[in-house]
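J.: Quick check, what structure comes out for this input:
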Amino acid sequence: MTRLEHFGVMGAGAWGTALALCLHQAGRKVSVHAREPEVAESLASGGGNPAYLPGIELPAFAASAEPGILAGADAILAVVPAQFARTAFLRAGDQVASGKPVILCAKGIERETGRLMSEVLAETLPGAVPAVLSGPSFAADVARGLPTAVTLACQDPAMGKALVQAIGRPVFRPYWSSDPVGAEVGGAVKNVLAIACGMVEGLGLGRSAHAALMTRGFAEMKRLALAKGAQGETLSGLCGLGDLVLTCSSTQSRNMSFGKALGLGRAPRDVLAERRAVTEGAATAPAIVTLAASLRVEMPICEAVAAILAGDLTVEAAMHALLARPFKLED
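T.: Numbers count the residues shown, from 1 in each chain. Below you'll find the predicted structure:
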């Protein structure tokens with residue numbers, strides 16, 4: 001039986017901190033690597049994480065801005081944003097022994113390469129055992145102990161089930177899947193679709209339009225996942241449809257609130273400049289479009305979002321273009 005008592009958490013944003021707390025409450029030893037020294041110091045002193053998870057009381061964690069804090073962990077949760085994952089993996093390379101599970105928690109695609117996070121991990125830490133944690137989960141809800149269910153995907157059944165047992169609690173329920181690719185694609189695409197749904201809300205187009213966009217967006221998500229070799233049923237679960245419903249239905253989502261601001265007429269650059277936390281969908285949108293093109297997958301909603309973010313299309317023009325698409329069989 002795989003021994004999983006000590007977890008390293010790479011990344012101390014809202015989600016990384018919430019997961020560290022969840023692991024602590026599950027009785028695990030937790031060590032946190034925070035990029036910012038002031039965040040590490042606050043976590044280590046028991047001062048919580050006011051920068052990223054305000055209002056949540058936290059225990060004092062073993063925390064440091066140096067990756068050596070991860071040494072000796074039985075498993076690592078990688079909770080750094082997707083566009084910084086490659087650098088973080090390379091920096092922590094000496095701490096990740098061959099055969100150690102690395103649970104990928106970022107929901108995005110590397111913009112420069114079009115790689116999924118598991119592909120980035122394979123290139124930088126080839127000895128690691130990859131797993132993916134994804135699903136409908138707001139960091140603040142998890143940190144407050146509110147009931148949450150997620151997918152934990154790992155191709156190794158024994159390792160996947162061991163991780164579920166080590167991480168799970170009655171109020172934090174991971175369900176094992178053997179399809180990491182499906183979990184990754186679902187998590188990445190739903191962020192871009194949430195930006196589109198936010199635009200619909202900002203423009204005041206109504207709940208019917210919102211529901212239609214979510215449904216057609218789900219079709220795009222599934223097409224891309226299948227083209228990448230995922231199992232179709234994975235996308236109907238927590239890490240696909242479940243995460244899509246949550247992220248596209250609440251401005252508590254950074255991606256949806258970003259899209260709403262764009263729908264209200266604000267410039268993407270101005271909105272992002274005001275934010276300390278990363279809005280993953282903004283960087284992932286062009287990566288998804290490039291990946292979809294390489295696989296000959298049609299994704300008009302994601303293409304529209306990428307065009308808006310690039311300044312090639314206005315929000316109003318994008319919505320008009322989507323509405324003007326030819327009528328077709330629903331497939």
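
J.: all contacts plus neighbour counts: C-alpha atoms, from now on.
T.: Noted.

J.: how about low-confidence regions in the protein?
T.: The chain contains residues with pLDDT under 70 at 1, 327, 329-331.

J.: which one's the longest helix in it?
T.: helix 180-203 (DSSP state H).

J.: Downstream of it, the next helix or strand is which one?
T.: Reading on from helix 180-203 to the C-terminus, the next helix or strand found by DSSP states H and E is helix 207-227.

J.: buried sites along that next one?
T.: Neighbour counts over helix 207-227 (16 or more other Cα atoms under 10 Å) mark 210, 213-214, 216-226 as buried.

J.: Could you dump these into JSON lines and include distance to Leu77?
T.: Below are these laid out as JSON lines (distance: Cα to Cα, whole Å):
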{"residue": "His210", "distance to Leu77": "34"}
{"residue": "Leu213", "distance to Leu77": "33"}
{"residue": "Met214", "distance to Leu77": "30"}
{"residue": "Arg216", "distance to Leu77": "32"}
{"residue": "Gly217", "distance to Leu77": "29"}
{"residue": "Phe218", "distance to Leu77": "27"}
{"residue": "Ala219", "distance to Leu77": "30"}
{"residue": "Glu220", "distance to Leu77": "28"}
{"residue": "Met221", "distance to Leu77": "25"}
{"residue": "Lys222", "distance to Leu77": "26"}
{"residue": "Arg223", "distance to Leu77": "28"}
{"residue": "Leu224", "distance to Leu77": "26"}
{"residue": "Ala225", "distance to Leu77": "23"}
{"residue": "Leu226", "distance to Leu77": "26"}
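
J.: Could you state which residue of the protein sits nearest its centroid?
T.: Lys107 (2.3 Å; Cα atoms, centre = their mean).

J.: ok, that residue to Ala273 distance?
T.: Per Cα to Cα, to the nearest Å, Lys107 is found 21 Å from Ala273.

J.: mind giving me the domain ranges of the protein?
T.: Domain assignment for the chain by automatic domain parsing gives 6-178, 181-323.

J.: list the contacts for the residue nearest to the centre of the chain?
T.: Taking Cα atoms under 8 Å, 6 or more residues apart in numbering, we find Lys107 in contact with Pro81, Ala82, Ser134, Glu184, Gly187, Ala188, Asn191, Glu280.

J.: Check Ala122 too.
T.: Contacts for Ala122 were tallied using Cα under 8 Å, 6+ apart; they are Ala128.

J.: what's the following helix or strand after the helix or strand where it lies?
T.: Applying DSSP H and E as the criterion places Ala122 in helix 117-124. Per DSSP H and E, the first helix or strand lying C-terminal to helix 117-124 is strand 129-134.

J.: Which element is encountered next along the chain beyond that next one?
T.: helix 139-143.

J.: Alpha carbons only: can I get that next one in PDB?
T.: Output of helix 139-143 as PDB, limited to C-alpha atoms (Å, rounded to 0.1, in the frame of the first residue of the first chain):
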ATOM      1  CA  ALA A 139     -11.500  27.800  -2.800                       C
ATOM      2  CA  ALA A 140     -13.500  29.700  -0.300                       C
ATOM      3  CA  ASP A 141     -16.200  27.000  -0.100                       C
ATOM      4  CA  VAL A 142     -13.600  24.300   0.500                       C
ATOM      5  CA  ALA A 143     -11.800  26.400   3.100                       C
END
